[in-house]
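In: With the input below, show me the fold.
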Amino acid sequence: MSHQLSFEVIVIGAGHAGCEAAYIAARMGATTALCTLDVNSIGMMSCNPAIGGIAKGHMVREVDALGGIMGEVIDATGIQFRLLNRSRGPAVQSPRAQADRNLYRTEMRRRLAFTENLTIIGGEVAEIKIGNGKVTGVELADGTCIAGRAVVLTTGTFLNGLVHVGKKTFQAGRSGEPASIKLANCIRRIGFKTGRLKTGTPPRLDGRTIDYSQFERQPGDENPVPFSFKTARIKRRQIECHIGYTTEKVHDIIRRNLDKSPLYSGDIEGIGPRYCPSIEDKVVKFADKNRHQIFLEPEGYDTYEVYPNGISTSMAEEVQMDFVRAIAGLEKVKMLRPGYAIEYDFVDPRELYATLETKAVGSLFHAGQINGTSGYEEAAGQGLVAGINAALQVSGREGVVLDRATSYIGVMIDDLVTKGADEPYRMFTSRAEMRLSLRYDNADQRLSPLGYEIGALHDSDYQAFLQRQEDVQRATDVLMNGRVNDLHEAFIEGLALEGSRETLNGKKLEYLARRPDCDIEKLLGVIRAATNGEIADKEIVVALNDTRYSGYLKDQESLAKKRARYDQLEIPRAMDFTEIAGLSSEVVQKLSRIRPTTIGQAARIPGMTPAAVSILLVAMLRN
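Out: Residues are numbered from 1 along each chain as shown. Below you'll find the model as predicted:
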């Protein structure tokens, strides 16, 4: 017999998108239910046990700046932290951390369990209830009805999930967990356009049977960079990862057994991630390469399980064993579990507004892999935006759209809702036109005022942000007002700058910061001394980076203002594109399908010509 519960926001799925959506909606005051098949799998790291990476680390920082939870949890459970691209410019530097897989899941569940306004419900959601074109709630497989004014759908790989290991296939959401078949059927009945994508994992190895002397050591950073602005410093013991390589022998084994790969036998229909291919894909598509890199990543402090990043595969189990043991140092390794590929349903993200609300059903939001993305960080960013907008909607407030100029999350969502996804979408710094200003260190400058304005960032966090901004300004004042003449002679000699000593006389410190041959570490020490050690190094670094790139940033700001003018011109939702003379049938089809909300979004649709944009602009102004 069914019974009814009632919440303002219902989140379906407790992966990285679901955790963020539920946390932020509850934090903003909405009574929230988080529905999951298995409460013990909340925050599960289904693939590699790591958070961050190039552009991905930026997004985790942005999630944190807006009041999200991922950054705090990885800071509390990380076992190796590294700042990637340290030798390159700050725009492409990004934090990454290896996690203790079990600790991360446990800590995420603990924090959610103690979040005010949030209730965790174990059970399978079988049906999304709709009335008068809007969501009214959900129904569980056991008949329990839950009323809700907004629903966030974060299904991960569970929608019609199908696992492949060689010739073996079985339905699952991930290894050992059931697929969500009833919900997938419900989504199709609603009328959403769905497709199939694929992802995969490598076999898991027994670390006690690995000869680590055959691998390169990869230690963590001496002074780890945290993900959360709330974390003062990382105090946990760090462990080492190791780097190795495949060999021609490995490649030969894979080539000889391609007929046992579902990827090449035609059993897999879904499209896999281009930038994270399986080892069999690498061997076939990059036949000229005689080796591929492998990272041995421990899964935690209290486990001997190792994740061999770089050899994701769906080959038959015995083939996996053969090629793994052909790798130097793994000759006697024990395989704990085979790798596998998983196919799953996703919904065309062009069916969404930039708030992540679906166009077909009011108050229904999609986030994560259901939108065609890959990666924990991409999922978390979408979950945060969907959760924020669900909470805003139930409180009668206007939704929030993150801009391409102010966040990687905004770039990702705009890409998805404008261009769709014909393969798993992964974020890169190159996708952002404004990447020089979208640094990992200034995410709070870009987003925390918005987080506070909408109620996602609480008073104490915002006051801490304001204090950090004061410190950045103090450091900037030293750069703008201090002069080289004031520096000790030994310091100037130590800089070893090109040109004569006289050319530096009278120059401000900001001049030094902008010189590519200036040692920023030494300049950091000068500011530290000038402010009596009262400002944390991370705030001084922000001031140095802002100063160093000030010229480029002005150019980018000019570009952003031009783009913003188009993005502020809203297209009426009821506009009939078929009535606009001069548009080609192809352009009309695209506009009618995607229904862009602004001229800027319309201009970014693939295939839209400048002439078509001009015609649309004139028609809209006439309207």
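
In: hey, what's Thr36 bridged with?
Out: In this entry, Thr36 is beta-bridged to Gly122, by DSSP bridges.

In: what's near enough to touch it?
Out: By C-beta atoms under 8 Å, 6 or more residues apart in numbering, Thr36 lies in contact with 13-14, 18, 42, 120-123. The way it works is simple: take the backbone N, C-alpha and C, and place the C-beta from them, glycine included.

In: repeat for Gln469
Out: Contacts of Gln469 (C-beta under 8 Å, 6+ apart): Gln445.

In: burial of Arg474, as a residue count?
Out: 17 (other C-beta atoms under 10 Å).

In: That one: which element?
Out: If you go by DSSP states H and E, Arg474 is part of helix 459-481.

In: Name the residues of that helix that come out as buried.
Out: The neighbour-count check on helix 459-481 (16 or more other C-beta atoms under 10 Å) flags 461-462, 465, 468-469, 471-472, 474-476, 478-479 as buried.

In: Most neighbours out of the contacts of Thr36, which is it?
Out: Going by other C-beta under 10 Å, Gly13 tops the contacts of Thr36 with 32 neighbours.

In: Compile the contacts of Thr36 into a markdown table and extend it with columns for distance to Thr578.
Out: Formatted as a markdown table, these follow (distance: C-beta to C-beta, whole Å):
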| residue | distance to Thr578 |
| --- | --- |
| Gly13 | 38 |
| Ala14 | 43 |
| Gly18 | 39 |
| Ile42 | 47 |
| Ile120 | 47 |
| Ile121 | 45 |
| Gly122 | 48 |
| Gly123 | 45 |
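
In: how far is the helix holding Arg474 from where the chain is centred?
Out: Centroid displacement of helix 459-481 relative to its chain, using C-alpha atoms, centre = their mean, to the nearest Å, is 27 Å.

In: For that helix, list the C-alpha coordinates in CSV.
Out: Taking C-alpha atoms only, helix 459-481 is exported to CSV below (Å, rounded to 0.1, in the frame of the first residue of the first chain):
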residue,chain,number,x,y,z
ASP,A,459,27.2,34.7,6.3
SER,A,460,30.3,33.2,7.9
ASP,A,461,31.6,31.9,4.5
TYR,A,462,31.0,35.3,2.9
GLN,A,463,32.7,37.2,5.7
ALA,A,464,35.7,34.9,5.2
PHE,A,465,35.6,35.7,1.5
LEU,A,466,35.5,39.5,2.2
GLN,A,467,38.5,39.1,4.5
ARG,A,468,40.4,37.2,1.7
GLN,A,469,39.6,40.0,-0.7
GLU,A,470,40.9,42.6,1.8
ASP,A,471,44.2,40.6,2.0
VAL,A,472,44.4,40.4,-1.8
GLN,A,473,43.9,44.2,-2.0
ARG,A,474,46.6,44.8,0.6
ALA,A,475,49.0,42.7,-1.4
THR,A,476,48.0,44.6,-4.6
ASP,A,477,48.6,47.9,-2.9
VAL,A,478,52.2,46.9,-2.1
LEU,A,479,52.7,46.0,-5.8
MET,A,480,51.2,49.2,-7.1
ASN,A,481,52.9,51.6,-4.6
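
In: average model confidence for it?
Out: For helix 459-481, the mean per-residue pLDDT is 95.

In: Okay, now the unreliable bits of this protein?
Out: The model of the chain has pLDDT under 70 over residues 1-3, 275, 488-503, 555, 559, 562.

In: Give me the number of neighbouring residues for the nearest residue to Thr578 once chain neighbours are set aside.
Out: Closest residue to Thr578 apart from its sequence neighbours, by C-beta to C-beta, 6 or more residues apart in numbering: Val588 at 5.7 Å. For Val588, the neighbour count with other C-beta under 10 Å is 16.

In: same deal with Met335?
Out: Counted with other C-beta under 10 Å, Met335 comes out at 18.

In: give me every residue that touches Asp221.
Out: Asp221 sits in contact with 81-83, where contact means C-beta under 8 Å, 6+ apart.

In: Nearest to Glu331 among these?
Out: Distance ranking of the contacts of Asp221 against Glu331, using C-beta to C-beta, places Arg82 first at 28.5 Å.

In: Asn102 belongs to a helix?
Out: Yes - under DSSP: H, G, I helix; E, B strand; the rest coil, Asn102 sits within a helix.

In: Provide the secondary structure category for the closest residue to it other than its chain neighbours.
Out: Leaving out its chain neighbours, the residue that sits closest to Asn102 by C-beta to C-beta, 6+ apart is Gly300, at 5.6 Å. Assigned with three-state DSSP, Gly300 falls in the coil class.

In: Looks like Gly300 contacts Arg101 (just checking).
Out: Yes - judged on C-beta atoms under 8 Å, Gly300 makes contact with Arg101 at a distance of 5.5 Å.

In: higher neighbour count, these two?
Out: Using other C-beta under 10 Å, the more surrounded residue of Gly300 and Arg101 is Arg101, with 24 against 18.

In: Check the gap between the closest residue to that one other than its chain neighbours and Ser175 for me.
Out: Distance criterion C-beta to C-beta, 6+ apart; nearest residue to Arg101, sequence neighbours excluded, is Pro49 at 4.2 Å. Separation of Pro49 from Ser175 (C-beta to C-beta, to the nearest Å) stands at 15 Å.

In: which one of these two has more residues nearby?
Out: More crowded of Pro49 and Ser175, by other C-beta under 10 Å: Pro49, with 26 against 16.

In: Quick check: that one vs Arg350, distance?
Out: 33 Å.

In: ditto for Ile54
Out: 26 Å.

In: Filter the contacts of Asp221 down to just the ones in strands.
Out: Of the positions in these, 81-83 sit in strands, assigned by DSSP state E.
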